[in-house]
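Asks: Task: produce atomic coordinates for the following.
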Amino acid sequence: ILEEDANGFTDIYLFDRETGANELVSLSSTGAQGNDDSFFARLTDDGRYVVFTSDASNLVPGDTNGLKDVFVRDRQLGETYRVSVSSSGAEADDEPFTASISNDGRFVTFDNDATNLVAGGTTGFEVYLHDRVTAETTLVSSGLGGQGGDGTSYKTRISGDGKWLTFESRASDLVVGDVNGAMDIFLYDVQSGQTSLVSVNGAGEQGDDGSETPSISDDGRYISYASRADNLVAGVISEGSDQNAFVYDRMTGTVTLASIGPQGQLSDNFLSDIQLSPEGAWVVYNTRSALLSEDINGQTDVFIYGPLFEGLASYAQDFEGLDAAEGTALAADGWKVFTNVFNPDGSYAYGYGVFDAPNGGPGWSAIQVGAGGAYQGDQALSVYSDYGNADHGSGMLIDALVFQEQEIGPADVGETWRMRFDQLQSP
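Replies: Take a look at the predicted model:
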């Protein structure tokens, strides 16, 4: 794809839909191309981090195990890190299959057949969580006794917020009452270390057949998966190798059938590559099933189903349409500022505002041109202290909050809100 790609191996590329440019990702921190194949990439929502597996031995120093490993590429810093290692940094003695990364790049979950990633070892494919801040690697698919589960666990995905991860497993000892003898979908709470079974129906009953290929929303509330079970949603029967797509709502315990056409057509074939949108409202998957009347090609097609819940409101803000040279540009767009002042010991002193947010001047806020970098637009919002405050030079800490008001009324009760900002900087 690129002229500099001369290694003759499978590589990881990133395509920028706005610029139309391709970027080679499977590189070392020095910019060297991988000396073997790279696979199975996943991207954080902002595009900064890419996690992938690779057989290459030259992406990081000291890669001598001769095996496929999991790597994280920080596109902003141009650095590559290996994460399929033990807490002491020891190389894995076997290979991974899939990997996933939280949106802040801190947590990476992966599966591996290695025996040396955690104390005490394991004896088969297990799911692990690596914390890139603490360098700690934790066994996720642990049995009730703390050991590795008694069956294969893999195909793991982590929520965007890094608080939840899901995986499929044949183990019967991860939770109490797993008696179906089939593959199930599990949810792991990163903070508490607790594991729960989520391939259940609305009454909490375990699916009566196998479930696989989970995906999870950014907040960990929704988990989608494929299943052959007949008891997850009333009236949905799977025959032979038939699968249906389901979405489990962790908050309400409800299960929604997502592989159904507008005239009630049900899946009569295998499903694969099930993915949830970040907020969990949409499901996309591949299947040969003819879920729409116009689907007459008899081939595997890609379908999208949703929205799965009503009242999805979106609040998004970028700064590309504002005049960066106009001092009232932020105020005219509804931006306000409030300032808190703290004593040198951190205790609260006083606050002042609300004022219209200035664009430039001695304090608070400004639209910066060229500050967005490769991952946002050209213009970004910069938030900083009120340098015009007389207390600024006396050791007081001044914290400015720049915000845009959004009126919410009785009709908005029960809605799910998404908020996205182009970039917030604190220089």
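
Asks: ok now do Asp218, which residues does it touch?
Replies: Asp45, Asn103, Ser159, Gly160, Asp161, Pro278, Glu279, Gly280 (C-beta atoms under 8 Å, 6 or more residues apart in numbering). For every residue, glycine as well, the C-beta is placed using N, CA and C.

Asks: Name the nearest residue to it, sequence neighbours excluded.
Replies: Gly160 (3.1 Å; C-beta to C-beta, 6 or more residues apart in numbering).

Asks: again, but for Ala21
Replies: Phe15 (7.6 Å).

Asks: In this structure that neighbour contacts Asn22, no?
Replies: Yes. If you go by C-beta atoms under 8 Å, Phe15 and Asn22 touch, sitting 5.5 Å apart.

Asks: out of those two, which sits in the more crowded spot?
Replies: More crowded of Phe15 and Asn22, by other C-beta atoms under 10 Å: Asn22, with 13 against 10.

Asks: re earlier: Provide a list of residues in contact with the residue nearest to Ala21.
Replies: Going by C-beta under 8 Å, 6+ apart, the list of residues near Phe15 reads Ala21, Asn22, Glu23.

Asks: Tell me the secondary structure at the most centrally placed residue in the chain.
Replies: Taking C-alpha atoms, centre = their mean, the centroid of the chain lies closest to Gly160, which sits 3.0 Å from it. With DSSP: H, G, I helix; E, B strand; the rest coil as the basis, Gly160 sits in coil.

Asks: now the helices for this structure?
Replies: 329-332 (DSSP state H).

Asks: Would you mind measuring the gap between the ends of stretch 44-60?
Replies: From its first residue to its last, stretch 44-60 covers 21 Å (C-alpha to C-alpha, to the nearest Å).

Asks: Now do the buried residues in that stretch.
Replies: Neighbour-count burial for stretch 44-60 flags 44, 46, 48-60 (criterion: 16 or more other C-beta atoms under 10 Å).

Asks: Any of the contacts of Asp218 buried? List them.
Replies: The buried subset of those (16+ other C-beta under 10 Å) comprises Asn103, Ser159, Gly160, Pro278, Glu279, Gly280.

Asks: Mind putting those into JSON lines with pLDDT?
Replies: As requested, the buried ones among the contacts of Asp218 are exported to JSON lines (pLDDT from 0 to 100):
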{"residue": "Asn103", "pLDDT": "94"}
{"residue": "Ser159", "pLDDT": "95"}
{"residue": "Gly160", "pLDDT": "94"}
{"residue": "Pro278", "pLDDT": "90"}
{"residue": "Glu279", "pLDDT": "88"}
{"residue": "Gly280", "pLDDT": "90"}
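
Asks: In JSON lines: those, plus distance to Asp399.
Replies: What follows is these, written out as JSON lines (distance: C-beta to C-beta, whole Å):
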{"residue": "Asn103", "distance to Asp399": "25"}
{"residue": "Ser159", "distance to Asp399": "29"}
{"residue": "Gly160", "distance to Asp399": "27"}
{"residue": "Pro278", "distance to Asp399": "29"}
{"residue": "Glu279", "distance to Asp399": "30"}
{"residue": "Gly280", "distance to Asp399": "33"}
